[in-house]
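Chemist: A structural model of the following input is requested.
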Amino acid sequence: MGRENLIGRDREISELQRSFDSDRSEFVIVYGRRRVGKTYLVDNFFNYEYDFSYVGGHKRTKQKQLRYFAKALKKYAQLSNQPKFSDWDDAFDALEEYLETLPAEKRKVIFIDEMPWIDTPQSEFVGALEMFWNGWAARRQDIMFVASGSSTSWMVDKLVENQGGLHGRITNNIYVRPFTLHEAEQYMHSRGASWDRYQLLQTYMVIGGIPFYYSLLNVKESLVQNIDRLFFRVNGELRNEFDELFNALFTNTDNYKSVVKTINTVREGMTREEIVKHTGLDASLLTKILRNLERCDFVIRYSQFGNKTKGDIYRLSDFYTLFYYRFVDGFNCQDEEWWSHNFNSHSVESWQGLSFELLCFAHLKQIKQKLGISGISTSSSSWRYTPSKCEPSSNLHSKGTQIDLLIDRSDRIINLCEMKFSVNQFRITDEYESTLLNRIEVFREQTKTTKTLVCTFVTARGVANGIHKSIVNSEVTMNDLFC
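Modeler: Below you'll find the model as predicted:
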């Protein structure tokens, strides 16, 4: 099987191989965010060698879906005439008949891609799939059925958490995540890019770890030139991606966009109650929307220190969406080189600080590895302190404070993480050192913790030497995040 084109994906490859080598029939689902490389993974693992493969069509009617399914069956079964199906039961019956003609000793691989698009209203597709699997495939030992789709919420609701005939029938659940910085670097090197890690770090801050977006980059141009071409030119490929992305993933997309846009307005994130207040959405509907956004890696939820039952913070975690809302949404300027003319502006600097924080959240594993605590049990959270209105205004703590990332360790140490992006080494000023000392003091006073508090800096270039650097207990730099 040809896998030489795959970057990373070691875990996913291992899981596919395990299912292929199994002595029973396997129902495997491969899911994840749109453009993350699910189809590419499966196609390259199997070297495009399937016994049957079909791709669902977006917004096609039931009859058109059935027609194209019949066309695919004609090709694989080498039929002289294309069959006609009245419903999905007929279609799966015909698939069974064809598969039974194949050699008994052969492992039969079926790949149905974009399955959520097949399940049109009143299609009864899932019911037919249940009968195909439970009544025939699961009773054999030679079937490997792979289902994939970008609508993560559909894949989870209809397959993973199915409460009907498919309940507990999924034998392997493979979630394809975006590339890490390390994998993104490998991919860019495979394409002959000579970009240094600082430029690759900035690239990740724009498009995250989405392989398809990396495939659009012209490695002979600078990142600045690429951003202009993809985002700010009329009909730029990523300028028009946003609506397609949400329309492909969700129904009632306006509600999802409203929630994402609301969360994006507050740098430090929002609680569920705050989102309800700002959007006016029904609480139960918002719960569903937030759950689906989490499943698709659009938002990240993390607890507040010392409060594991309520007050969770939701932050936008999709890098492309963050960049789109900051600079592209509503963009009416005719300057097709807007980024070239503004990448040193204050608004870009503010976005870089936020995006770098999200990058750090996405690479907590690498941060823990650098700190030498990979083998220690930890929990990650944030912390907010908002003083009561009756607190004296002269109190040093009256303004409130926040720590975006704490790593609470089982060895009774808490890393208070400061994540700072800068072109050069980050320099701690006298004023900033005072802010940090005050923040640590407020945290200890308000949480009553008796654990040792250490100040950790995560930066691109490191912390500059100076009289105030002594407050830094440990450092993580850009190179550490690429491990």
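
Chemist: List the contacts of residue 418.
Modeler: 436, 455, 456, 457, 458 (Cβ atoms under 8 Å, 6 or more residues apart in numbering). Any C-beta I mention is one placed from the backbone N, CA and C, and that applies to glycine too.

Chemist: Let's see that with 6 Å instead.
Modeler: Residues near residue 418 by Cβ atoms under 6 Å, 6 or more residues apart in numbering: residue 457.

Chemist: likewise residue 472?
Modeler: 455, 457, 463.

Chemist: tell me the pLDDT at the closest residue to residue 65 other than its chain neighbours?
Modeler: Nearest residue to residue 65, sequence neighbours excluded (Cβ to Cβ, 6 or more residues apart in numbering): residue 118, at 5.4 Å. What the model reports for residue 118 is a pLDDT of 96.

Chemist: how many neighbours does residue 118 have?
Modeler: 25 (other Cβ atoms under 10 Å).

Chemist: ok, now residue 248?
Modeler: By other Cβ under 10 Å, 18 other residues sit near residue 248.

Chemist: same question, residue 455
Modeler: 19.

Chemist: One more: the one 10 residues further on?
Modeler: One way to gauge burial is a neighbour count; for residue 465, by other Cβ under 10 Å, it gives 9.

Chemist: what's the pLDDT at the most centrally placed residue in the chain?
Modeler: Residue closest to the average C-alpha location in the chain (Cα atoms, centre = their mean): residue 297, at 3.3 Å. Looking at residue 297, its pLDDT stands at 87.

Chemist: Nearest residue to it in space, please, no chain neighbours.
Modeler: For residue 297, the spatially nearest residue (Cβ to Cβ, 6+ apart) is residue 33, at 5.0 Å.

Chemist: I'd assumed the one you found was in a strand, is it?
Modeler: No: using DSSP: H, G, I helix; E, B strand; the rest coil, the secondary structure at residue 33 is coil, not a strand.

Chemist: Now it. Its backbone dihedrals?
Modeler: phi -60, psi 150 (degrees, to the nearest 10).

Chemist: next one: residue 66
Modeler: phi -60, psi -40.

Chemist: Apart from its chain neighbours, what residue comes closest to it?
Modeler: Nearest in space to residue 66, with sequence neighbours left out and distances taken as Cβ to Cβ, 6+ apart, is residue 85 at 4.6 Å.

Chemist: domains of the protein?
Modeler: Structurally, the chain divides into domains by automatic domain parsing as follows: 10-175, 181-359, 370-481.

Chemist: Tabulate the ones you listed (CSV), appending distance to residue 4.
Modeler: Below are these laid out as CSV (distance: least, Cβ to Cβ, whole Å):
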stretch, distance to residue 4
domain 10-175, 8
domain 181-359, 10
domain 370-481, 27
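
Chemist: Could I get the contacting residues of residue 469?
Modeler: Going by Cβ under 6 Å, 6+ apart, the list of residues near residue 469 reads residue 463.

Chemist: Tell me the spacing between it and residue 333.
Modeler: From residue 469 across to residue 333, the span is 42 Å (Cβ to Cβ, to the nearest Å).

Chemist: Next: residue 111.
Modeler: 44 Å.

Chemist: Ok, residue 183 next?
Modeler: The gap separating residue 183 from residue 333 is 34 Å, by Cβ to Cβ.

Chemist: Show me which of these two is the more surrounded one.
Modeler: Neighbours were counted for residue 183 and for residue 333 using other Cβ under 10 Å; residue 183 has more, 19 against 9.

Chemist: okay but that one is in contact with residue 9, surely?
Modeler: No: assessed by Cβ atoms under 6 Å, residue 183 is found out of contact with residue 9, at 8.2 Å.

Chemist: For residue 190, give me the pLDDT.
Modeler: The model's pLDDT for residue 190 equals 94.

Chemist: give me the number of residues near it?
Modeler: Applying other Cβ under 10 Å, we find 10 residues neighbouring residue 190.

Chemist: Got phi/psi on it?
Modeler: Residue torsions, per degrees, to the nearest 10, at residue 190 are phi -70, psi -20.

Chemist: Residue 238 touches residue 230, doesn't it?
Modeler: Yes: shown here, residue 238 and residue 230 form a contact pair, counting by Cβ under 6 Å, at 4.3 Å.

Chemist: related to what we said a few turns ago, among the domains of the chain, which is nearest residue 3?
Modeler: Nearest of the domains of the chain to residue 3, taken as Cβ to Cβ: domain 10-175 at 5.6 Å.

Chemist: re earlier: SS state for the residue nearest to residue 66?
Modeler: coil.

Chemist: Around it, count how many other residues there are.
Modeler: 19.

Chemist: Please give me every residue in contact with it.
Modeler: Per Cβ under 6 Å, 6+ apart, neighbours of residue 85: 66, 70, 91.

Chemist: I'd like the distance between the nearest residue to residue 141 once chain neighbours are set aside and residue 140.
Modeler: Using Cβ to Cβ, 6+ apart and skipping the chain neighbours, the partner closest in space to residue 141 is residue 24 (5.4 Å). Noted for residue 24: a distance of 9 Å to residue 140, by Cβ to Cβ.

Chemist: could you pull out the strands for the stretch 351-483 of the chain?
Modeler: Using DSSP state E, counting those that start in this stretch, the strands of the stretch 351-483 of the chain run over 378-385, 401-409, 413-420, 452-459, 474-476.

Chemist: so can I have TSV of those strands showing distance to residue 216 and mean pLDDT?
Modeler: Below are those laid out as TSV (distance: least, Cβ to Cβ, whole Å; pLDDT from 0 to 100):
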stretch	distance to residue 216	mean pLDDT
strand 378-385	32	92
strand 401-409	31	93
strand 413-420	28	97
strand 452-459	29	97
strand 474-476	30	97
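
Chemist: Nearest to residue 372, out of the ones you listed?
Modeler: Nearest of the strands of the stretch 351-483 of the chain (Cβ to Cβ): strand 474-476, 8.9 Å.

Chemist: In the sheet, which strands lie alongside the closest one, parallel or antiparallel?
Modeler: strand 452-459 (parallel) (DSSP bridges).

Chemist: any idea which element residue 248 lies in?
Modeler: When elements are assigned from DSSP states H and E, residue 248 belongs to helix 241-249.

Chemist: Quick one: mean pLDDT over that helix.
Modeler: So the average pLDDT for helix 241-249 ends up being 88.

Chemist: for that helix, which positions count as buried?
Modeler: With burial defined by 16 or more other Cβ atoms under 10 Å, the residues of helix 241-249 counted as buried are 241, 242, 245, 246, 248, 249.

Chemist: ditto for stretch 74-91
Modeler: So for stretch 74-91, counting by 16+ other Cβ under 10 Å, buried means 74, 76, 77, 83, 85, 87, 88, 89, 90, 91.

Chemist: and these, which two are the farthest apart?
Modeler: 76 and 87 (20.4 Å).
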